[in-house]
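> Sequence and computational prediction follow.
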Amino acid sequence: MSNQTPENPGCGQVRHMCQMLWYDYETMLRLGNRRTYVDMFLPADKLGLHIRGGAVLPTQRPDVTTTYSRRNPMGLIVALDDNNQAAGELFWDDGDSRDTVKSGNHIHYTFSAVYGVLTMQVTHAGYKDPNNLKFENITVLGVPSPPMSVSVTHVRNGAQGNSTTVLPNTNIQYDGAKEVLFLSGLSLTLGETYLVRWELVTEEYQRFDCYPEEHADEAKCKARGCIWEPSNIERVPWCFYPKDYGYTVTGKQETSSGMKIDITRNKKHRSIGRPGSPDIDTLRVEVHYHSGDMLQFKIWDPATYRYEVPVPLTVPAVPETDENKRLYKVLIENNPFGIKVIRKSTGTKIWDSSVPGFTFSDMFIQVSTLLSSQFVYGFGETEHPTYKHNLNYHTWGMFSKDQPPGYKMNCYGVHPFYMGLETTTDAHGVLLLNSNAMDVTFQPTPALTYRTLGGILDFYMVLGPTPEMVVQEYTALIGRPVLPAYWSLGFQLCRYGYANDKEIEDLYRDMKAAGIPYDVQYADIDYMERQLDFVLDSQFKNLPALVDRMRGEGMRFIFILDPAISGNETVYYPAFERGKAADVFIKWPENISNEIVWGKVWPDFPNITVDESLDWDTQVELYRSYAAFPDFFRNTTATWWHREIQDFYTDTMKFDGLWIDMNEPASFVHGTVGGKCLGNPLLENPPYMPPLESKHLGLNHKTLCMNSEQILSDGKKVRHYDVHNLYGWSHTKPTYDALLNVTGKRGIVVTRSTYPSSGKWAGHWLGDNNASWDQLYKSIIGMMEFSLFGIPYTGADICGFFNKAEYEMCLHWMQLGSFYPYSRNHNGKGNPHSPLSVSSSIPPLVFRR
């Protein structure tokens, strides 16, 4: 048999016993001490052995008899436990003589591994093996990161003294997936004492970035009072916080239902000093034990009002005061201040923010936490290449935007929620209830850093302990998903670019002739006159009759509505005039002008002909009308919106569901018409800018000015800067309420922009994707993430929205899409009707749901 390798750990003979070893350390870690049955890979010619964390096992290469195997090299397997420790022993004699313990004719080793040092200590050396045996290989399980170096010290007594050798890289192998370190070619003589050290990059991975902006240098770093130290490790920050940077505890009160803590900024270190964003020196912290499996910790300025997210959550009316019924315990670290949340059943720390870098200023808040493992899922909405996050210094920005899916591009919604799996297979979830622009950074420590541009820190944690229970507990907090109409689980068909009602009628006829089951037909903005909400275009004058006929034959119909309302009409336009009279549109603050903040979206000026050969910006400038944006936080806006939907249903056309789009909110000009945002310029270009798409153009790129004013249902005035990410959320409930009331059925609403709890009222599609294989694959990740977010009624545009779909790809995508909860084929102008183009090659079963 060959020597130990990463592919074959080999087997060993310890006191006349040869055992074949094969392991999957990642699986073993996840098993922990729980009795769980799992399927583990095991080659047919191997015998499985589960190695408990904390053990050191000697091994020896086998042979056909024990006589021959005793001549072969030896090795060690070190299985580190959760404390990075392991221990074991070896007794070795000639294998045959009597009373070798009494006579002392034996060798005895104790092995101890602690924090990167394996001590191979000979406690008795009364036997000299005739085969001159050596320890050739050492395998260490549970090494979290690749070592910077490995050295071996031969411990000798007398004049010779100790000698240390640094292993060459050829003798070191590291398996990052399994966290296993393989050392070979050691030649450590049996019967002598050695120290084996592996120097991990742990210290550098413990750095928390003090200069996340681009173009960091030593001068800029030290100006922030931080430490500058270059590293040879890719992506490790060179500018990082001192270990005691942050806040210290100045007072604490504990009750059976939680804690109140006062903390003060450690002024030993200077302020980070982002212009216009002064530090807040004194903060209040509250910890609430809401239930046995849920807690909340909240950090804010007790002296000055700060914006808090107006999204209602459901927490138990009575806290869990019985400590024995809580799955967690909470500890407070004093300096630097930090919160530790520990799962009592396993001792696992699932949150530990007692790390440097906590910053709380007016327009920049940062907090970091150590993670329980590298298994982290969630955060959105953006295109992720994998479901499990890569923790190698990746940063993801979150800010609602009219942005098609793309790598590290912030998309339509914001979901600051993640699920973490622990090494014991337990799971937990964490929500940051904050609606400002933000980002999150992962690092291999493993750790996570939040940075947000305003509001407060308001964290909710659910303890599972299974992934399924995490989602159940999270949706109990934010609201259970809406129950869609049964017909909405069927196949649905849509496109942007229907020329007239005849095209839809012909499509319906051809779909029936082809025998393709489908339940729902859509109309995109083509059905509107000049893309005006609630106004039917003359090219679709027969659409109401067609809809009635289709509905009579068992079909359902869904129309699109955008939030932006044209204000440039030359004739009476009820939606705008009634909205203006009811004061529903977003305006500037009263101290600036109290006028409507105008944008431009789809509606065209009246009495013009659009030249689509012109570039996009020119078309927007010449043809798009001024558009007003309803403030859906206001109760009066919900009443106005309901009336417009009711009148359309009663007077123009029936429908069964509503599709709301462009509600990030999207605008085709930046900030406002003319481009000049009034008020504080820091709101448009804040002192810290998350890594957002086109961030150099400011937060108002393709949306409203951040200084626009909105009014909550309780009358409180807020800046769009704070509630931008809630616009789609605020748009969704009034739409759903109107649908229920107008149709008398539960129907379905599909929205583009979402926030936690949007799933109570609507489903979601993954936006304007491309007709490409990678988008087919990534749609699975997107749907799994939205299931975590409490919006399971989700799907991607089957076959892609942009570009012409390649035949084979579309065929496979139709097959995959039949399993989407929201199964809709939707594409853009000029592309073929993809279901019909591939239907002859798809087995009928694919379309059955």
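That came through fine.
> Neighbouring strands of the lengthiest strand in the chain in the sheet, and parallel or not?
For the chain, the strand with the greatest residue count under DSSP state E is strand 410-421. Paired with strand 410-421 in the same sheet, following DSSP bridges, are strand 375-382 (antiparallel), strand 427-432 (antiparallel).
> As TSV, those strands with distance to residue 276 and mean pLDDT would be great.
In this view, the C-beta of every residue, glycine as well, is placed from N, C-alpha and C. Formatted as TSV, the strands paired with strand 410-421 follow (distance: least, CB to CB, whole Å; pLDDT from 0 to 100):
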stretch	distance to residue 276	mean pLDDT
strand 375-382	28	97
strand 427-432	23	98
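> Residue 340 is nearest to which of the ones you listed?
Residue 340 sits nearest to strand 427-432 of all the strands paired with strand 410-421, at 13.5 Å, using CB to CB.
> ok, then the element right after the closest one?
Heading C-terminal from strand 427-432, the first helix or strand you meet, by DSSP states H and E, is strand 438-443.
> Paired strands for that next one, with orientation please.
In the sheet, strand 438-443 lines up with strand 394-398 (antiparallel), strand 447-452 (antiparallel) (DSSP bridges).
> want to throw the ones you listed into a markdown table with distance to residue 699 and mean pLDDT?
Shown next, in a markdown table, are these (distance: least, CB to CB, whole Å; pLDDT from 0 to 100):
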| stretch | distance to residue 699 | mean pLDDT |
| --- | --- | --- |
| strand 394-398 | 11 | 98 |
| strand 447-452 | 13 | 98 |
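> Can you tell me which of the ones you listed is most buried?
Mean neighbour count (mean count of other CB atoms under 10 Å) peaks for strand 447-452 among those, with a mean of 22.
> can you list the residues that contact it?
For strand 447-452, contacts defined as CB atoms under 8 Å, 6 or more residues apart in numbering pick out 208-209, 212, 355, 357, 364-371, 376, 416, 418, 432, 434, 436-443, 457, 688, 690.
> hang on, the earlier thing: looking at the strands paired with strand 410-421, which is closest to residue 278?
Distance to residue 278, taken as CB to CB, is lowest for strand 427-432 among these, at 22.6 Å.
> Now do the closest one: everything it contacts.
For strand 427-432, contacts defined as CB under 8 Å, 6+ apart pick out 343, 350-351, 372, 378, 416-422, 438, 450, 452, 457-467, 469-471, 473-474, 477-478, 756, 788.
> which of the residues you listed count as buried?
The neighbour-count test (16 or more other CB atoms under 10 Å) marks 343, 350-351, 372, 378, 416-422, 438, 450, 452, 457-465, 467, 469-471, 473-474, 477-478, 756, 788 as buried among the contacts of strand 427-432.
> circling back to that earlier point, would you mind putting the strands paired with strand 410-421 into CSV with distance to residue 275 alongside?
What follows is the strands paired with strand 410-421, written out as CSV (distance: least, CB to CB, whole Å):
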stretch, distance to residue 275
strand 375-382, 29
strand 427-432, 25
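> Out of those, which gets nearest to residue 253?
Among those, strand 427-432 comes nearest to residue 253, with 24.5 Å by CB to CB.
> what mean pLDDT would you report for stretch 553-568?
The pLDDT scores in stretch 553-568 average 97.
> List the buried residues of stretch 276-287.
For stretch 276-287, the neighbour count (16+ other CB under 10 Å) marks 277, 279, 280, 283, 284, 285, 287 as buried.
> ugh, wrong one, stretch 335-353
Buried residues in stretch 335-353 (16+ other CB under 10 Å): 336-343, 346, 348-353.
> In strands only, show me the residues you listed.
Counting by DSSP E, the buried residues of stretch 335-353 contribute 337, 338, 339, 340, 341, 342, 343, 349, 350, 351, 352 to strands.
> Surely the last one and residue 369 touch.
What that stands for is residue 352. Yes. Taking CB atoms under 8 Å as the contact criterion, residue 352 and residue 369 are neighbours in contact, 5.8 Å apart.
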